[in-house]
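**Student:** coordinates for the following, if possible.
(2 chains)
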Amino acid sequence: MSESEFVYVIYIQSTPEKIWQALIDPEMTKEFWGRYRNRSDWKPGSEWRHQNYDDDKDVAVAGTVVESDPPRRLVLTWARPDDADVSRVAFDIDEVMGSARLTVTHSELSAAMLQRISAGWPPVLSSLKSLLETGASLPMTRRQWKKAG
Amino acid sequence: MSKPEFVYVTYIETTPEKLWEALTSSEFTRRYWWDTSIVSDWKVGSSFKLVTNGIDTDDGEVLEVDPPRRLSYTFHHLVDERAKQERPSRVTFVLEPAGKLVKLTLTHEDFGPGSVLLDGISKGWPAILSSLKSMLESGTALAIPLSSLGIEGVS
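**Tutor:** Got it, this is the predicted structure:
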């Protein structure tokens, strides 16, 4: 059964454009996502990869770009290599009276995947917020760690 | 079928002591929690209440106090006509050091089926805790209007 959904809402003193940039610019992403980056041309139908910043061949997650409407909405399929479990991630970025709200909806999750990603998203998104608000991401997220995904 | 509860985990660059104080002291809650005062002597069995603009908006009873690790209280909403008829729910904060960070886990649970309050708090807590994190890390809380959260009955 792949019915579970994980939703995480975070408010960030930043702009939708900067949040979008943080998700796709490797120099920023590596700072809060365990030195991994997101690689794609971000056009609907294109492939995307979550790969090691220092090693192109180390791909932790891959999928397809389903929707791309910068800087408001990005929807991706999500699967670990050699894993039949395919889930779906939607990033919704709204401007809220001078701040921004990022909603991550990770859906179509098996029970095992739900458990893994529930532990993974909070530190990554907390660190993204710290990076945009203070200029520094959270220290433990700048290096590779045993990540959920 | 999952049980009705709301869980939120955030990582904050602060100390457990500072975070504990921010969660339990009006001097801080008024800055990140829509100018809300949190009133309690934080002894097990004591009452607590949230007061905004002179109005008691929520109250409850203190269940667990283990500074700076664990805080729990019952939660009863007092304003919205439907939500105030619901049985008290339960709020628990767990603060765990993680290097230079604190991992904060908020669990708001014990809602009855069809709870209206669950929807409201699911929208409120991310804003409150995001603003708390901003206050502790950057010195400035966020200014997110309560009316922008899309909570039914709140304009």
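**Student:** so what pLDDT did residue A:146 get?
**Tutor:** pLDDT, residue A:146: 59.
**Student:** what about the strands in the chain?
**Tutor:** In the absence of a named chain, this looks at chain A. A:4-12, A:36-39, A:47-52, A:55-69, A:73-78, A:87-96, A:99-109 (DSSP state E).
**Student:** switch to chain B, that's the one I care about
**Tutor:** B:6-12, B:36-40, B:47-52, B:55-66, B:70-77, B:89-98, B:101-109.
**Student:** Throw the ones you listed into TSV and include mean neighbour count, thanks.
**Tutor:** Backbone N, C-alpha and C define where each C-beta goes, glycine included. Converted to TSV, the strands of chain B look like this (neighbours: other C-beta atoms under 10 Å in any protein chain shown):
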stretch	mean neighbour count
strand B:6-12	21
strand B:36-40	18
strand B:47-52	18
strand B:55-66	16
strand B:70-77	20
strand B:89-98	18
strand B:101-109	19
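**Student:** what's next to stretch B:77-85, contact-wise?
**Tutor:** B:55-59, B:76, B:86, B:115-117, B:120, B:153-154 (C-beta atoms under 8 Å, 6 or more residues apart in numbering or on different chains).
**Student:** which intervals of chain A have sub-threshold pLDDT?
**Tutor:** Where chain A drops to pLDDT under 70, the residues are A:1-2, A:146-149.
**Student:** again, but for chain B
**Tutor:** In chain B (pLDDT under 70), the answer is B:1-2, B:155.
**Student:** list the contacts of the residue nearest in space to the middle of chain A.
**Tutor:** Geometric centre of chain A, nearest residue: residue A:23, 6.4 Å, by C-alpha atoms, centre = their mean. Applying C-beta under 8 Å, 6+ apart, we find residue A:23 in contact with A:29, A:38, A:74, A:91, A:128.
**Student:** kindly report the same for residue A:91.
**Tutor:** A:23, A:73, A:74, A:75, A:102, A:103, A:104.
**Student:** of these, just say which sits nearest to residue A:50.
**Tutor:** Lowest distance from residue A:50 to the contacts of residue A:91 (C-beta to C-beta) belongs to residue A:23, with 10.7 Å.
**Student:** how far away is residue A:133 from residue B:106?
**Tutor:** To residue B:106, residue A:133 is 20 Å away according to C-beta to C-beta, to the nearest Å.
**Student:** just residue B:39 next, same as before
**Tutor:** Following C-beta to C-beta, the distance that separates residue B:39 from residue B:106 is 20 Å.
**Student:** okay, the strands of chain A in CSV with distance to residue B:26 next?
**Tutor:** Conversion of these to CSV gives the following (distance: least, C-beta to C-beta, whole Å):
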stretch, distance to residue B:26
strand A:4-12, 22
strand A:36-39, 41
strand A:47-52, 43
strand A:55-69, 42
strand A:73-78, 39
strand A:87-96, 25
strand A:99-109, 23
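**Student:** nearest to residue B:136, out of these?
**Tutor:** Closest of the strands of chain A to residue B:136 is strand A:4-12, at 14.2 Å (criterion: C-beta to C-beta).
**Student:** who touches the spatially most central residue of chain B in this structure?
**Tutor:** Against the mean C-alpha coordinate of chain B, by C-alpha atoms, centre = their mean, the closest residue is residue B:125 at 6.2 Å. Neighbouring residues of residue B:125 by C-beta under 8 Å, 6+ apart: B:6, B:8, B:106, B:108.
**Student:** near chain A, list only the ones from these.
**Tutor:** Contacts with chain A within the contacts of residue B:125, as defined by C-beta under 8 Å from any C-beta of the partner chain: residue B:8.
**Student:** between the contacts of residue B:125, which is nearest residue A:69?
**Tutor:** residue B:8 (26.8 Å).
**Student:** okay, and the beta partners of the closest one?
**Tutor:** Residues in a beta bridge with residue B:8, per DSSP bridges, are residue B:106.
**Student:** alpha carbons only: can I get the biggest helix by length in chain B in PDB?
**Tutor:** Taking DSSP state H as the criterion, chain B has its longest helix at helix B:116-138. Presented in PDB, the C-alpha positions along helix B:116-138 are these (Å, rounded to 0.1, in the frame of the first residue of the first chain):
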ATOM      1  CA  VAL B 116     -11.800  21.000  14.100                       C
ATOM      2  CA  LEU B 117      -9.000  22.100  16.300                       C
ATOM      3  CA  LEU B 118      -6.600  19.600  14.700                       C
ATOM      4  CA  ASP B 119      -6.800  21.400  11.400                       C
ATOM      5  CA  GLY B 120      -6.300  24.800  13.100                       C
ATOM      6  CA  ILE B 121      -3.200  23.700  15.100                       C
ATOM      7  CA  SER B 122      -1.700  21.900  12.100                       C
ATOM      8  CA  LYS B 123      -1.600  25.300  10.400                       C
ATOM      9  CA  GLY B 124      -0.700  27.300  13.500                       C
ATOM     10  CA  TRP B 125       2.300  25.300  14.900                       C
ATOM     11  CA  PRO B 126       4.500  25.500  11.800                       C
ATOM     12  CA  ALA B 127       4.100  29.300  11.800                       C
ATOM     13  CA  ILE B 128       4.800  29.500  15.500                       C
ATOM     14  CA  LEU B 129       7.800  27.200  15.500                       C
ATOM     15  CA  SER B 130       9.200  28.800  12.300                       C
ATOM     16  CA  SER B 131       9.000  32.100  14.000                       C
ATOM     17  CA  LEU B 132      10.600  30.800  17.200                       C
ATOM     18  CA  LYS B 133      13.500  29.400  15.200                       C
ATOM     19  CA  SER B 134      14.000  32.700  13.400                       C
ATOM     20  CA  MET B 135      13.900  34.600  16.700                       C
ATOM     21  CA  LEU B 136      16.500  32.300  18.300                       C
ATOM     22  CA  GLU B 137      18.900  32.100  15.300                       C
ATOM     23  CA  SER B 138      18.600  35.600  13.700                       C
END
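**Student:** I appreciate the help and will end here.
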